[in-house]
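Engineer: Give me coordinates for this.
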Amino acid sequence: MKLLSIAIPCYNSEAYMEKCIQSLLPGGDEVEILVIDDGSKDRTAEIADQYQEKYPNIVRSIHQPNLGHGGAVNTGIHNAQGLYFKVVDSDDWVNEESYKEILKTLEELVKGSKTVDLLISNFVYEKQGATRKKVMQYRHCLPVNQIFTWNEVGHMPKGKYLLMHSMIYRTQLLLECNLTLPEHTFYVDNIFAFDPLPYVQNMYYLDTNFYRYFIGRDDQSVNETVMIRRIDQQLRVNKLMVNSYTSCGSMNKRTRAYMISYLDIITTISSIMLIRSGTKEALDKKKELLEYIRSTNRALYGKLRHSLMGNFMNLPGRGGRKVSVAAYKLCQKFYGFN
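Structural biologist: Numbering: from 1, shown residues only. Coordinates of the predicted model:
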């Protein structure tokens, strides 16, 4: 059995997927790289097959009809033969020195007496044209270089939530919690980073800048213009996360607090994109989202609607919406997201 499975969902990725794969090859035989061609129409499938032929003990090329990012991740999970599972998007890459630290740490954890469900590391926003790169690190929120539980997690500010880029799950945990991402839907990485959390008991944080998250392509899903155009998919993910939280039942109070905070962020993003759209239809969808949350989970609605961000996103009138946008732009500048 391999130590780590790394899934690379690829759709028409011929222009950049090789940089991603090359950055992962130094993992050697301890790693399997699952290159998942999601019904691409360019040379993606050909490139994936070439790497499998050249590195048969490391790379597996998997072809499927187009199912979207979530469908490709699902395929990765169910084909993974590694003890741990990581997703690396095809336009991103990893730092080699940090990669070696990650593998060494996983080796040591596997030999230990405690089962670690989630390994957390840092990621870097590789924003095109930016002179200063924003590093998402958690050293002031999480115990460093030690196994810990939710009870030892410190306060995590809104800008410090865990993303798919910072997470390596135990593969069996993902299977046990039956994680299944929706197909043909963008922004499902939020579900990947959210739904398994009630099942996570033991964690380990390695303070190293492992993952490089590229931002800057015009067609990228996190581009603001693209997000507004795909707002219905963002809303679908938002609602699915509300459903997931509501169905959890009893859980550790720190886990619950973190999940509420994460939902606060996702709901804020949905709200600001609808405000930025500026149409009556979009503003009606914003009201509908809040009503959906209220009717699904009244207690959760109260926490989200009356949080600091919830209040900012629901200021009345055109003037209030201008204040909401100004607050959003300030967060953009401070946190470095698109």
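
Engineer: Neighbouring strands of the lengthiest strand in the chain in the sheet, and parallel or not?
Structural biologist: Secondary structure of the chain per DSSP state E: the longest strand is strand 203-215. Partners of strand 203-215 in the sheet, by DSSP bridges, are strand 93-94 (antiparallel), strand 118-127 (parallel), strand 147-148 (antiparallel).

Engineer: Now do the same for the spatially closest residue to Arg294 that is not a sequence neighbour: its pLDDT.
Structural biologist: The spatial neighbour of Arg294 that comes closest, neighbours along the chain excluded (CB to CB, 6 or more residues apart in numbering), is Tyr301 at 4.0 Å. Quick note: C-beta positions are derived from backbone N, CA and C, even for glycine. With respect to pLDDT, Tyr301 scores 98.

Engineer: Distance from the chain centre to whichever strand or helix holds Tyr301, please.
Structural biologist: Per DSSP states H and E, Tyr301 falls inside helix 298-305. Its chain's C-alpha centre lies 24 Å from the corresponding centre of helix 298-305 when counted by CA atoms, centre = their mean, to the nearest Å.

Engineer: quick one: low-confidence parts of this structure?
Structural biologist: Low-confidence segments of the chain (pLDDT under 70): 217-223, 331-338.

Engineer: Break down it into its strands, ranges please.
Structural biologist: So, for the chain - with DSSP E - the strands run 2-10, 31-38, 59-64, 82-87, 93-94, 118-127, 135-136, 147-148, 167-170, 203-215.

Engineer: So which residues lie in contact with the fourth one, not counting its own?
Structural biologist: Right, strand 82-87. Identification of contacts with strand 82-87 by CB atoms under 8 Å, 6 or more residues apart in numbering yields 1-9, 31-32, 73, 76-77, 106, 110, 119, 164, 167-172, 174, 189, 192.

Engineer: Can you give me the buried ones in the helix holding Tyr301?
Structural biologist: Buried positions in helix 298-305, judged by neighbour count with 16 or more other CB atoms under 10 Å: 300-301, 303-305.

Engineer: tell me the two of those residues that are most distant?
Structural biologist: Maximum pairwise distance in these, criterion CB to CB, is 9.3 Å, between Leu300 and Arg305.

Engineer: quick one on the thing from earlier: and the strands of the chain as a markdown table, adding distance to Leu181?
Structural biologist: Shown next, in a markdown table, are the strands of the chain (distance: least, CB to CB, whole Å):
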| stretch | distance to Leu181 |
| --- | --- |
| strand 2-10 | 10 |
| strand 31-38 | 12 |
| strand 59-64 | 14 |
| strand 82-87 | 10 |
| strand 93-94 | 22 |
| strand 118-127 | 17 |
| strand 135-136 | 22 |
| strand 147-148 | 27 |
| strand 167-170 | 13 |
| strand 203-215 | 19 |
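
Engineer: okay, those strands in TSV with distance to Glu46 and mean neighbour count next?
Structural biologist: Shown next, in TSV, are the strands of the chain (distance: least, CB to CB, whole Å; neighbours: other CB atoms under 10 Å):
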stretch	distance to Glu46	mean neighbour count
strand 2-10	11	24
strand 31-38	9	25
strand 59-64	10	18
strand 82-87	22	24
strand 93-94	21	22
strand 118-127	26	21
strand 135-136	34	16
strand 147-148	43	16
strand 167-170	29	24
strand 203-215	23	21
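
Engineer: Quick check: Leu103 touching Ile6?
Structural biologist: No - judged on CB atoms under 8 Å, Leu103 makes no contact with Ile6 at a distance of 10.9 Å.

Engineer: what sits in contact with each of those two?
Structural biologist: In contact with both Leu103 and Ile6: 27, 31, using CB under 8 Å, 6+ apart.

Engineer: Can you give the distance from stretch 251-261 to the centre of its chain?
Structural biologist: Its chain's C-alpha centre and that of stretch 251-261 lie 18 Å apart, by CA atoms, centre = their mean.

Engineer: contact partners of that stretch?
Structural biologist: 149-151, 153, 156, 158, 161, 194, 197-198, 200, 245, 248, 300, 303-304.

Engineer: Now do Gln137 against Ile120, distance only.
Structural biologist: Applying CB to CB, to the nearest Å, the value for Gln137 to Ile120 is 10 Å.

Engineer: in the sheet, who's paired with Tyr211?
Structural biologist: Note on Tyr211: beta-bridge partners Val94, Phe123, judged by DSSP bridges.

Engineer: and it, what does it touch?
Structural biologist: Neighbours of Tyr211 in contact, by CB under 8 Å, 6+ apart: 88, 92, 94-95, 121-124, 165-166.

Engineer: try it again with 6 Å
Structural biologist: 94, 123, 165 (CB atoms under 6 Å, 6 or more residues apart in numbering).

Engineer: I'd say the last one and Arg212 touch.
Structural biologist: This points to His165. No - here His165 lies out of contact with Arg212, judged by CB atoms under 6 Å, at a distance of 8.7 Å.

Engineer: Identify the residue spatially nearest to Tyr199, adjacent ones excluded.
Structural biologist: The shortest distance from Tyr199 to any non-neighbouring residue, by CB to CB, 6+ apart, is to Cys177 (4.5 Å).
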